[in-house]
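> here is a sequence with its predicted model. Questions after.
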Amino acid sequence: MDKQQQESRSSSNKKVDLGVIATWVKKHASLYEAATRHPFIESIRNGTVDLSSFRRWLGQDYIFVRAFVPFVASVLVKACNETDDSSDMEVILGGMAALNDELAWFKKEASKWGVTLSAIVPLAANVRYCSFLKSLMSLEVEYTVALTAFWAIEAVYQDSFAYCLEEDTETPEELKETCYRWGNDDFGEWCCTLEERANRRLQMASEDVRKKAEAVFLRVLELEIEFWDMSRVGI
Ligand SMILES: Cc1ncc(CO)c(N)n1
């Protein structure tokens, strides 16, 4: 066996051990880090966050979550039609139930911060992200690809906000509830379960579908970075 063969063999062994998604996170570590350790998140973590940025993020994210609900519903429909295993449906349904609470939470949080949700105009990065979600709702998008996107979207928030809740951080008291919404351990475990469900599908998918899912994962990371960037415009 030459060196190249050996490498490809050990990397395919690794894929089995780590799961497809973990290998992608490793392979695209710098982009993943840019999405989950963004300056906006760092500013929450070190307590220097500009509250007008936080307010802007809050209003924009409410609009995003409203568009996210039908996307998650479309993933649920695909799961019911395409998978042999009812665990997928249950995990996705759990995510949908959480979104119901989330919308109520946004309304409460917005009034606490004096943000008028009905007056929010979606900014360009948000419009782009919402139309990407819409494109993923198409019947032509395979269940495995949509499920991977769902995982990536949730995982970026989980990872980012859990980072703000680590020990010895300066996260302002009044932002801890927001961080806890996505950074809590239960949500972390749910994301791991979703990752396992996505990995299972990715493992049995064709090379073509796996490639599409990887591209969608990368696109989610880019859109998440642009979304965080948006909070900082015109400070
Ligand atoms: C932009 C964005 N990405 C991910 C999530 C997680 O639900 C969210 N609320 N908003």
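That came through, no problem.
> the chain against the ligand: which residues are in contact?
Residues of the chain lying near the ligand by C-beta under 6 Å from any ligand atom: 61, 64-65, 153-154, 156-157, 224, 227. In short, each C-beta sits where N, CA and C put it, glycine included.
> neighbour count and distance to R181 added to these, as JSON lines?
Below are the residues of the chain next to the ligand laid out as JSON lines (neighbours: other C-beta atoms under 10 Å; distance: C-beta to C-beta, whole Å):
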{"residue": "D61", "neighbour count": "21", "distance to R181": "10"}
{"residue": "F64", "neighbour count": "19", "distance to R181": "14"}
{"residue": "V65", "neighbour count": "15", "distance to R181": "11"}
{"residue": "I153", "neighbour count": "23", "distance to R181": "15"}
{"residue": "E154", "neighbour count": "21", "distance to R181": "12"}
{"residue": "V156", "neighbour count": "24", "distance to R181": "14"}
{"residue": "Y157", "neighbour count": "19", "distance to R181": "9"}
{"residue": "E224", "neighbour count": "24", "distance to R181": "16"}
{"residue": "F227", "neighbour count": "22", "distance to R181": "16"}
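> tabulate these (JSON lines), appending secondary structure.
Listed next are these as JSON lines, based on DSSP: H, G, I helix; E, B strand; the rest coil:
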{"residue": "D61", "secondary structure": "helix"}
{"residue": "F64", "secondary structure": "helix"}
{"residue": "V65", "secondary structure": "helix"}
{"residue": "I153", "secondary structure": "helix"}
{"residue": "E154", "secondary structure": "helix"}
{"residue": "V156", "secondary structure": "helix"}
{"residue": "Y157", "secondary structure": "helix"}
{"residue": "E224", "secondary structure": "helix"}
{"residue": "F227", "secondary structure": "helix"}
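> so which residues of the protein form helices?
Here the chain has its helices, by DSSP state H, at 3-18, 20-27, 29-36, 39-45, 51-82, 86-113, 124-136, 143-164, 173-183, 185-204, 207-231.
> low-scoring stretches of this structure, by residue?
1-17, 233-235 (pLDDT under 70).
> burial measure for R232, as a count.
16 (other C-beta atoms under 10 Å).
> which residue does this structure have closest to the ligand?
Y157 (3.8 Å; C-beta to the nearest ligand atom).
> ok, the residue nearest the centre of the chain - contacts?
When C-alpha atoms, centre = their mean is applied to the chain, the residue found nearest the centroid is I153 (1.7 Å). By C-beta atoms under 8 Å, 6 or more residues apart in numbering, the residues touching I153 are 68, 220, 224.
> ok, the second one - contacts?
By that I understand V220. 149, 152-153, 156.
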